[in-house]
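Student: pasted the sequence and its predicted model underneath.
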Amino acid sequence: MKTIKNVFFIGFILLMVSCANRNGDYDASGVFEATEVIVSAEANGKIMQFNLEEGQEVSPENILGYIDTTQLYLKKIQLLTNVKAVKSRQTNVPQQIAAIKQQIATQKNEQKRFESLVKANAANQKQLDDISAQILYLERQLSAQTEVLENSNRGVSEESSSIDIQVAQLEDQIQKSKITSPIQGMVLTKYAEQGELATQGKALFKVADMNNMFLRAYITASQLTQVKIGQEVRVFADFGESGAKEYTGTITWISDKSEFTPKTIQTRDERANLVYAVKIAIKNDGYLKKGMYGELKLQ
């Protein structure tokens, strides 16, 4: 009987020592976090459709709903009609100056003919000079008319371009009326419902990237020399009574400023008042959850 008691006593001592060693095996501890994004409305109007539930997996390719775009669409149609009316005022420059060009060509032929006649003393010089003057007048008239027509077309083009910009702005507003998620992740909270009035900046839902999580842990100043960006470390997720599960993580950020140890965090050196925050990126296998406790082992 005494031997049995001794065995139980020794076993109890070993268990306590094992637990003590387990708590001291880790270099730092912290909490698992995820990148969160609060998605807000980018347009004003009634929410016509909003197919979204908390816990739903979403991606940027999915259209989760849309805000009423009726007035934007009607204004776009009106502007497109205006564009057609403006472009109809454009002038066909080559067609408009074709007559003058023909007159110039005719006069130049006459000029050559009279040059031959003058050389043969069959015509006087004044007739040739009159033809040359007429050609000069027609060329100046052609240049002036071409400039007027091109300026007119340039004004029409600028007016048309201005309307095109307004159409592009409306198309952008219509596109922003579609409700989408900027990242792939899980919906944590839904702040609006179908039928409500949305305004620019109104929060619609919160989404978090649960596939790529990170552990925010705290290390002491003496441990800074043991860590660097890009370093792989061992991370242990605390699953309570189920024990701990090991993951491979990569240090992606080290704070350059010290801070007081958070109340919920226990570090290896409990006597240290100041610690440095680090982030360790971890690929989630589906078991990690926000707010879970985790521990870090550097070596």
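Tutor: Nice, thanks for sending it over. This is a predicted model, so every value here is computed, not measured.
Student: could I get the CA-only coordinates of the longest strand seen in the chain as CSV?
Tutor: Selection of the longest strand in the chain by residue count, based on DSSP state E, yields strand 203-219. Below are the C-alpha coordinates for strand 203-219, written out as CSV (Å, rounded to 0.1, in the frame of the first residue of the first chain):
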residue,chain,number,x,y,z
ALA,A,203,-20.5,50.6,-43.4
LEU,A,204,-22.1,47.6,-45.1
PHE,A,205,-20.1,44.6,-43.8
LYS,A,206,-16.8,43.5,-42.3
VAL,A,207,-14.7,40.8,-44.0
ALA,A,208,-11.5,39.1,-42.8
ASP,A,209,-8.9,37.1,-44.6
MET,A,210,-9.1,33.9,-42.6
ASN,A,211,-6.8,31.9,-44.9
ASN,A,212,-3.7,34.0,-44.2
MET,A,213,-3.6,34.8,-40.5
PHE,A,214,-0.9,36.0,-38.2
LEU,A,215,0.1,35.7,-34.6
ARG,A,216,0.8,39.0,-32.8
ALA,A,217,3.3,38.0,-30.1
TYR,A,218,5.6,40.0,-27.8
ILE,A,219,9.3,39.4,-27.2
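Student: what is the rounded mean pLDDT of it?
Tutor: Averaged across strand 203-219, pLDDT comes to 95.
Student: how distant is that strand from the center of its chain?
Tutor: Chain-centre distance of strand 203-219: 19 Å, with Cα atoms, centre = their mean, to the nearest Å.
Student: show me which positions of the helix or strand following it end up buried.
Tutor: Later in the chain than strand 203-219, the nearest helix or strand by DSSP states H and E is strand 232-238. Neighbour counts over strand 232-238 (16 or more other Cβ atoms under 10 Å) mark 233-237 as buried. Every residue, glycine included, has its C-beta placed from N, CA and C.
Student: which one of those residues sits closest to Gly286?
Tutor: Ala237 (11.8 Å; Cβ to Cβ).
Student: bridged to that closest one, which residues?
Tutor: Beta-bridge pairing of Ala237 under DSSP bridges involves Lys245, Gly294.
Student: what's the spacing between it and Ile254?
Tutor: From Ala237 across to Ile254, the span is 21 Å (Cβ to Cβ, to the nearest Å).
Student: what values do phi and psi take at the residue of the chain most remote from its centre?
Tutor: No residue in the chain sits farther from the centre than Asn121, which is 82.6 Å out by Cα atoms, centre = their mean. For Asn121, the backbone dihedrals are phi 60, psi 30 (criterion: degrees, to the nearest 10).
Student: below-threshold pLDDT in the stretch 1-150 of the chain: ranges please.
Tutor: Counting by pLDDT under 70, the stretch 1-150 of the chain contains low-confidence ranges at 1-24.
Student: quick one, strands of it?
Tutor: 28-40, 45-50, 57-58, 63-67 (DSSP state E, counting those that start in this stretch).
Student: closest one to Tyr287 among those strands?
Tutor: Closest to Tyr287 of the strands of the stretch 1-150 of the chain is strand 28-40 (Cβ to Cβ; 10.4 Å).
Student: quick one: Ala122 from Leu128, how far?
Tutor: For Ala122 relative to Leu128 (Cβ to Cβ), the value is 11 Å.
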